[in-house]
Structure formats: C-alpha cells, structure tokens
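**Student:** Kindly generate the corresponding structure for this input.
(2 chains)
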Amino acid sequence: MLIETSWKNVLANVLKVLFVVLVFSIMYVPIVIIIYQSFNKTANSISPLAWGGFTFEHYKEIFTDRQLYTSILDSLLVSFWATLLSTVFGVFASIGLHALNKKARKAMDFLNEIPMLNSEIVTGISIMLVCSLIKPLFPGVFGFPSMLLAHTFFMTPYVILMVLPKLEQTDEALFEAAQDLGCSPMKSLVKVVIPSLSTAILTGALIAFTLSIDDFVISFYTQGGGFSNFSNYVYSSYTKKNFSAGSYAFNALLTFVTLGIVLAISLYGNHKKKGENK
Amino acid sequence: MKRFKGFAIPYLIWLILLVVTPIVVMIVLTFFNTKGMDFIGATFSLDAYKRLADPSILKALGNSLYIAFFTVLICFLLGYPVAYFLSFSNIKNKKLVLLLMILPMWSNSMLRIVSWLRLLSTDFLSALNLIGTSGAVIFVTVTTYLPFMIFPIFTVLEKMDRSIIEASKDLGVPAWKTFLKITFPLSLGGVSSGVIMVFLPAATGFAISQTIGLDKVRLVGNLLQTVFEKNNYNFGSLLSIFVSVVIIAIVLLFDFVQNPKGRGNK
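**Tutor:** Next comes the predicted model:
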C-alpha cells in the first residue's frame, strides 16, 4: 500500500515537471530560432530557416547597418530617459496621492487607471493627437519628444502601482521621528521615507524599462522625423522586405549577456550561501 | 505626511492634459470631415457615425473578442498549473526558475513574432496551412503573453498563508477539495490581474494578426491602423472611442463579477 502511493506520487511529480518543462519550451522556441538565425548564413533567404552555414557576419551588421544601430540607440535613449522621468514622477505622484483625502484619492485613482486600462493602440493614437495639436507651435515634436512623452505617460502608472502600496505600509512614525530629530519635512521625506521605498522604486523602474524597451504599438504612432525604436525597425523592415539578420544577432547578444548575468548572480548566491554555512 | 498633498497636483495636470484632451479632440473630430488634423476647409459631417454601422466593424470586434477569449482561456489553463506547481514545489532555486521564465520576455516581442512566422513557413509546417488562420493567431498570442498570466498568479500563491492549507489537510479534507475550496478562491486576485493583462493586448493588438493572420484575420486593431493610415481621423477617432468603451466596459464588468465590493475594499 505504502509503496503504491509513493509510486503514484513519483508519477504525479514527473507529470508536473513534464508539464512545466513543456510550457517553458514553447516560450523558448522563438528564442532558439533567433539564436539559430543569428549564426545562419542564409537567415534572409526565401526558404525559411534553411541552414546555410555558420557565420559571425550578422554580429558585424549590428555595428555596420546604419538603420539597425540607429534604431537600437534610439530605443535605449527613449527608454533610459522615460524610465528616469516616470520613476521620479511616479514616486512624487505616489507621495501626493497618499496624502489626499478619500474622495480626491478615488477620483485620482480612476484617472490613473485609464492609461493602464486603455488599449495601447488608443493610447498611442491619443498621444499622437495631442502632439499634432502642439505641432504648429513646436514643429519638431514628432520624434524623440513625442516618444518620450508617450512612454513616460504609459509607464508612470506602473511605477505608482509598485510604489504606492509600499508607501501605504510605511510607518508614519518614521517620518515624525526624523522631524523630531531636527529634519525639515522635505529633508525627512528625501532622507528617510524615499530610501525606505527603494526596493519598490527599483521594481517599478525595472518594469517600466522592460515595457518601454519592448514597446511597439505606442511607439508606432509617436515615431517620426527619422526617430523610431527597435521594435518598429523590425516591423517596418520586415514588411518592406529589407529585414537585416543583424536584428537576430543583436537580440541573441542581449540574451547571452542577460543569461550570463543571471547565471553569475545565481552562482555567486550559491557560493555565498555555502560560505555562510561554514 | 498629509502636508505633501501638493505633490499630486503636477500629476493631476499631466493626466488631464494627456487623458482628457485627446478624448475632447476625438469627440470633436467625429463630427467633421477633416484632412487628418487639418481643420481648414473642414465641414460638419456625420459620415463617421454612418460608417460605424458597417457590418465589417462588428465582425472585426467579434473576431477580436473571439481571439482574446480563447487566448485568455488557454493562457489560464497553461499558466495556472505552471504557477501552482512552481509555487508548491520544493525546488531550491525558485528564483532561478522565475528568471528563466522572464528571460524570453527580454527578447524583442516583434522579433519573436517574426521567428514564429519563419517557423510556420517552413516546408514541413506550411503544409498544415496554419498561417492566416485564427488558430495560429491565438497560438502566437498565447506564447507572447503567457508570462503575464503566470506572474500575478505565482505572486499571489507565494504570499498565501500556507497554514490555512495545512489546517484543511489536518481536518481530513481531500486535496482536490482543499484546492477548490481554499487555494483557488484565495488566488482569484492573481487570476483576475492575469486575465486583464492578457485580455487587453490580445483584444487590441494588430501586429500578430497582421503578420501571422496575413490580413485574413482582421481585428479592431487592424481596422484602426488602416483607418489612420488612410488619414481618416474622423472615423478613426470614433472607432477609438468605441473600442475603448467596449474594452473598458468588459474589464470593469469582469472586475465587478469577480469582486462585487469594488477594487478598494479587497
């Protein structure tokens, strides 16, 4: 009887692991294809995925294909500034929201949810309309300014979503204590309250950056003046059939670097744990 | 910290400028016949409203909801067990497994879609004629947004008080009943976040349906994109408002059904 149940347990566990591995591998199929194509000499041929020999050529294209590397640099530029702006903006907005009375808070929460509940395509179109309105006054708005505005707009609510709940858990006494010890209210906010939120702020910034660097739809409507991002470069070059396999190489490189960092961190973590056990 | 109320003011102004202004502009645009945003020589017209009755619009909306419904359903059926098994397993390095789950998302989503398209176009798979079908669009949408379902569920399960489940076991309740009566209801918050996070992009995206669906599967996103591409801002604005109202109504309705007391009183 006992043997039978343990046998059943083992089978159940094997099935569980198989299921998780299966789902994970479906998500990894495109990653494998990207890496495969990045080394494939005939990545751009008409017959898809045919192996034409090993090459590093596509990795060179990252630095020689002007359209490709400009789009990569544009992506990084927008995402960097938009992450910085939305994080600062989100933190201060959270502090403001936290201080509001119940009624005003409810109205603000509703407004704040709109950018998240609205579809990306309508958000993109909305910001494009706002930019078209100010275009007569500021002719160069389409490009970096419009994309920065749009990204900051859709990212800020995510920062607030991360920071505000943590702020609500923060003990008001911490803030009072800093003042009793002679800090001005502003100083106690900057030196005591904000540092206590650092994990939440970092998580918010990381989520914002991840969404921004991968964004396609919102950037599609706010790009212009020769300024675009990597997703839009992939989309437009693919539809115009002048797709550069350098895109695969860039993405594969990014995967290798992040995988390396992840492995290094986990190895370091294990190493540290072992050291502690001694 | 009540004295920092003023910090909400810049954000309020920002939200009014960027949320309310476009709505007003869109409403105005629906009543005219303009060339893009150019109001010079524009005439009053209700053409946009007449066009909204076109059967192709309802069909695109129906297609979008159909694709989004099955995407959400499949994401839930695959994502819940994965989140559950991972959360309740006794593997040592849970963080590493979690990172392995995030890693595919750090690859560009557009490039992932292109890769699926290349794979489905190979001689072997193209014999199945998958490209241009709703099934293929749903499949690629599922693989793109699955992590959005797994994460919130996993987070809720990790935070759950395990002693409640232990208590139920100690009282002799069978495992399946414990799951149905305790674990699952307690994880509904994560499920509803996941459902909304997958539903929104699945219902309104246009890249997957255009590349994988080859314009044979037309969704509201594709419709909006072509209308704006043809510079018809009047009908485009009306369609944007229409889509937003329908999508937000569905999300709020879902939220209400799942948690009738409202968001704030969880």
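
**Student:** Surely residue A:212 is in contact with residue A:79?
**Tutor:** Yes. Counting by C-beta atoms under 8 Å, residue A:212 does reach residue A:79; the two are 4.2 Å apart. (Each C-beta comes from the backbone N, C-alpha and C, glycine too.)

**Student:** Whichever helix or strand residue A:187 is part of near chain B anywhere?
**Tutor:** Here residue A:187 sits within helix A:185-188, counting by DSSP states H and E. Yes. Applying C-beta under 8 Å from any C-beta of the partner chain, one finds that helix A:185-188 is in contact with chain B at residue A:185.

**Student:** And that helix, what's buried?
**Tutor:** Neighbour counts using 16 or more other C-beta atoms under 10 Å in any protein chain shown place residue A:188 of helix A:185-188 among the buried residues.

**Student:** what packs against that helix?
**Tutor:** Under the contact criterion of 3 or more C-beta pairs under 8 Å, 6 or more residues apart in numbering or on different chains; DSSP states H and E, helix A:185-188 touches helix A:172-180.

**Student:** Run through the residues that contact the residue in the stretch 51-200 of chain A positioned nearest to chain B.
**Tutor:** For the stretch 51-200 of chain A and chain B, the shortest gap (C-beta to the nearest C-beta) falls at residue A:96, measuring 3.0 Å. Residues counted as contacts of residue A:96 (C-beta atoms under 8 Å, 6 or more residues apart in numbering or on different chains) are B:4-9, B:11.

**Student:** Next, the contact list for the closest residue to chain A within the stretch 101-250 of chain B, please.
**Tutor:** Here the stretch 101-250 of chain B gets closest to chain A at one residue, residue B:204, 3.4 Å apart by C-beta to the nearest C-beta. Listed by C-beta under 8 Å, 6+ apart, the contact partners of residue B:204 are A:119-122, B:64, B:219-221, B:243, B:247.

**Student:** Which residue, other than its chain neighbours, is closest to it?
**Tutor:** residue A:119 (3.4 Å; C-beta to C-beta, 6 or more residues apart in numbering or on different chains).

**Student:** Which pLDDT value belongs to the residue nearest in space to the middle of chain B?
**Tutor:** Nearest to the mean C-alpha position of chain B, by C-alpha atoms, centre = their mean, lies residue B:200 at 2.1 Å. As predicted, residue B:200 sits at a pLDDT of 91.

**Student:** all strands for the stretch 101-250 of chain B, in order.
**Tutor:** With strands called from DSSP state E, counting those that start in this stretch, the stretch 101-250 of chain B shows none.

**Student:** ok, residue A:212 and residue A:79, which is more surrounded?
**Tutor:** Taking other C-beta atoms under 10 Å in any protein chain shown, residue A:212 and residue A:79 do not tie; residue A:212 has more neighbours (27 against 24).

**Student:** okay, residue A:2: pLDDT?
**Tutor:** 50.

**Student:** I meant to write residue A:194 there.
**Tutor:** Looking at residue A:194, the pLDDT reads 88.

**Student:** how close does it sit to residue B:205?
**Tutor:** 36 Å (C-beta to C-beta, to the nearest Å).

**Student:** Settle it for me: which of the two has more neighbours?
**Tutor:** residue B:205 (29 against 16).

**Student:** Grab the nearest non-local neighbour of the more buried one.
**Tutor:** That would be residue B:221: by C-beta to C-beta, 6+ apart, it lies 5.3 Å from residue B:205.

**Student:** Now for residue B:86: which residues touch it?
**Tutor:** A:20, B:94, B:97-98, B:154.

**Student:** No further queries at this time; thank you.
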